[in-house]
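Q: Sharing a model prediction with you, sequence too.
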Amino acid sequence: MGTFTLGALRSVPVGTRPDLVSPGVGAAVEALGIGDRVGVVEIDPELSDTAATQAAYDLPSDALANCVIVAGRREGQQRIAACLVLATTRADVNNVVKRRLDVRKASFLPREDAVSLTGMEFGAITPIGLPEGWPVLVDRAVLDAPLIVVGSGLRRTKLLLAGSTLASISGVEVVDGLGHPIAP
């Protein structure tokens with residue numbers, strides 16, 4: 001397990017190569033006991049962005065997932081959540097996420113804050129290994145995907161795993177309609 005092939009990517013179990021993920025991701029994978037169900041593969045860091053990864057490694061668009069960090073304020077307190085949607089969709093920040101966080105306005109967390117709070121590189125943020133207590137909103141389509149490619153915390157690698165594996169992560173909430181199709 002943990003050895004997956006998708007397009008031109010062939011992973012090894014992350015449990016055998018913890019050096020290929022950020023420290024927080026490695027610690028979370030170990031604590032969750034999912035090192036044999038999550039694969040990691042090295043990529044060219046210049047090709048880490050979703051569209052570039054898809055093109056360079058011949059991946060189907062519905063197998064790539066994006067994780068974004070969203071925040072809003074309520075009564076002077078910042079509320080943060082991670083959102084994971086397929087790359088063929090965009091997270092509905094203005095309606096679904098705003099209501100889930102119970103804030104008047106939700107927006108993407110500034111890059112510097114996202115990097116500093118997650119301990120992950122920008123463009124490689126993943127739902128595994130996020131700070132304790134953060135809700136991780138996952139579109140149902142991601143959980144239903146047989147195999148997804150998502151960040152590893154480092155731009156030079158990607159994780160490959162069954163979408164259903166994400167259900168074992170603390171704080172995961174399945175949200176129907178979180179991702180809206182991107183207009184052609």
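A: Here it is on my side, so go on.

Q: Give the other helices and strands that the helix or strand where Ala71 lies contacts.
A: In this assignment (DSSP states H and E), Ala71 forms part of strand 65-74. On a contact count with 3 or more C-beta pairs under 8 Å, 6 or more residues apart in numbering; DSSP states H and E, strand 65-74 meets strand 77-86, strand 89-91, helix 98-101, strand 106-108, helix 111-118, strand 148-151. For glycine as for every other residue, the C-beta is placed from the backbone atoms N, C-alpha and C.

Q: Please identify the most buried of those.
A: strand 148-151 (a mean of 27; mean count of other C-beta atoms under 10 Å).

Q: that older thread, may I have the strands that pair with the strand holding Ala71, each with its orientation?
A: As defined by DSSP bridges, the strand partners of strand 65-74 come to strand 77-86 (antiparallel), strand 106-108 (antiparallel).

Q: rewinding a little: TSV for the helices and strands packed on strand 65-74, including mean pLDDT?
A: What follows is the helices and strands packed on strand 65-74, written out as TSV (pLDDT from 0 to 100):
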stretch	mean pLDDT
strand 77-86	97
strand 89-91	96
helix 98-101	95
strand 106-108	95
helix 111-118	97
strand 148-151	97
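
Q: now these as TSV including distance to Thr16?
A: As requested, those are exported to TSV (distance: least, C-beta to C-beta, whole Å):
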stretch	distance to Thr16
strand 77-86	25
strand 89-91	32
helix 98-101	36
strand 106-108	34
helix 111-118	24
strand 148-151	19
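
Q: what's the angle from the longest helix that the chain contains to helix 111-118?
A: Assignment by DSSP state H gives helix 23-32 as the longest helix of the chain. Angle, helix 23-32 to helix 111-118, by axes from the mean of the first three to the mean of the last three C-alpha atoms, to 10 degrees: 40 degrees.

Q: buried stuff in helix 23-32?
A: For helix 23-32, a neighbour-count test (16 or more other C-beta atoms under 10 Å) marks Gly24, Val25, Gly26, Ala28, Val29, Leu32 as buried.

Q: Among the helices and strands packed on strand 65-74, which comes closest to Thr157?
A: Minimum separation from Thr157 across these (C-beta to C-beta) falls at strand 148-151, 8.5 Å.
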